[in-house]
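Peer 1: Quick check, what structure comes out for this input:
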Amino acid sequence: MNWSALENLLSGVNKYSTVFGRVWLSMVFVFRVLVFVVAAQRVWGDESKDFVCNTRQPGCTTVCYDSIFPISHVRLWALQLIFVTCPSLMVVAHVKYREEKDRKYVMLHQGSHLYANPGKKRGGLWWTYLLSLIFKAGIDTCFLYILYRIYHGYDMPRLSKCRLEPCPNTVDCFISRPTEKRIFTLFMVVTSALCVLMCMCEMIYLICKRIQKVHKVTSLALPRSQYRKADPTLALSQPNLSRKEKNKEKIYIYIFKIFFFFFGISALFDSHSRE
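Peer 2: Residues are numbered from 1 along each chain as shown. Down below sits the predicted model:
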């Protein structure tokens, strides 16, 4: 497996990630990839060679081994690391698409840019990044569930009983270094769970930051009177507003007429009283 290519891929995604995304990348490199390459492969390298059953029946040990270890932990973790890093390709591909689109726009419009920063998480790239987080958290969760279902938990038993053909009866089977393998299994499970937690924290961070930005834009928006002209949803209620304004004007005119009428009558009486 080419781990250097995986490292280059994730390092390229690092510059588009948030703080939580960088922590997630560090956890994947240090606690998963390095531990997998340096220690896990050596710990699980003797699982088939040193698997022993207390029988000499030909084929019994092979059948029991296949029953106890349906899939190798090392291969399952390698598959998990490959799948969990694939959603990062979505973000890289979207940024590359923006850069290419911006390059063509600059050529056609004489130096003006379509995107001020193609890697900034706005618009469609924000949704792509959020979708990649959902995929990464979902993939890790699915693999944790698969590991739990296949091995009926995350424990490595010292003794396993097997009764399958061609075994003549129930035989006892033993794996090598079960305690060490149990420790590494729990370590990989805990690091996977922490990566899921970091993805969820990053999703909450992105959503809260988006809500805060929308609220800030709304608070700095135009006055309400100008919004009525721009908002198409108020177009239907515009005739009703004009009728209300006309009615208010008529009321004001009637009030002024009544005021001047009474003012004229009072002036007339005042002139008669002087005579």
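
Peer 1: List the buried residues of stretch 120-128.
Peer 2: Residues 121, 125, 128 are the ones in stretch 120-128 that count as buried (16 or more other C-beta atoms under 10 Å). All C-beta spots, glycine's among them, are computed from the backbone N, C-alpha and C.

Peer 1: how about low-confidence regions in the stretch 51-200 of the chain?
Peer 2: Across the stretch 51-200 of the chain, the ranges flagged by pLDDT under 70 are 111.

Peer 1: re earlier: which of the buried residues of stretch 120-128 fall within strands?
Peer 2: Applying DSSP state E to the buried residues of stretch 120-128, no entry is found in strands.

Peer 1: closest to F69 among these?
Peer 2: Closest approach to F69 among the buried residues of stretch 120-128 (C-beta to C-beta): T128, at 38.2 Å.

Peer 1: what's the burial count for the closest residue to that closest one other than its chain neighbours?
Peer 2: In space, and not counting its chain neighbours, T128 is closest to H94: 4.6 Å by C-beta to C-beta, 6 or more residues apart in numbering. Using other C-beta atoms under 10 Å, the number of residues around H94 comes to 21.

Peer 1: now the one 4 residues further on
Peer 2: Counted by other C-beta under 10 Å, the residues lying close to R98 total 19.

Peer 1: Now do the buried residues in the strand or helix carrying it.
Peer 2: Following DSSP states H and E, one finds R98 within helix 87-108. Residues 87-88, 90-92, 94-95, 98, 102 are the ones in helix 87-108 that count as buried (16+ other C-beta under 10 Å).

Peer 1: likewise stretch 155-164?
Peer 2: By 16+ other C-beta under 10 Å, the buried positions in stretch 155-164 come out as 156, 160, 162.

Peer 1: Switch those over to JSON lines; also include distance to A78.
Peer 2: Listed next are those as JSON lines, based on distance: C-beta to C-beta, whole Å:
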{"residue": "M156", "distance to A78": "19"}
{"residue": "S160", "distance to A78": "24"}
{"residue": "C162", "distance to A78": "27"}
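
Peer 1: Mind checking which of those residues land in strands?
Peer 2: Per DSSP E, the subset of the buried residues of stretch 155-164 in strands is 160, 162.

Peer 1: quick one: which of the buried residues of stretch 155-164 is nearest C60?
Peer 2: For these, the nearest to C60 is C162 (7.7 Å; C-beta to C-beta).

Peer 1: hang on, the earlier thing: I'd like the buried residues of helix 87-108 as JSON lines, with distance to H113 appended.
Peer 2: Below are the buried residues of helix 87-108 laid out as JSON lines (distance: C-beta to C-beta, whole Å):
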{"residue": "P87", "distance to H113": "28"}
{"residue": "S88", "distance to H113": "25"}
{"residue": "M90", "distance to H113": "23"}
{"residue": "V91", "distance to H113": "20"}
{"residue": "V92", "distance to H113": "20"}
{"residue": "H94", "distance to H113": "17"}
{"residue": "V95", "distance to H113": "15"}
{"residue": "R98", "distance to H113": "11"}
{"residue": "D102", "distance to H113": "6"}
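
Peer 1: Which parts of the chain are helices?
Peer 2: 3-14, 19-27, 35, 41-43, 60-68, 73-85, 87-108, 124-151, 178-219, 224-230, 238-274 (DSSP state H).
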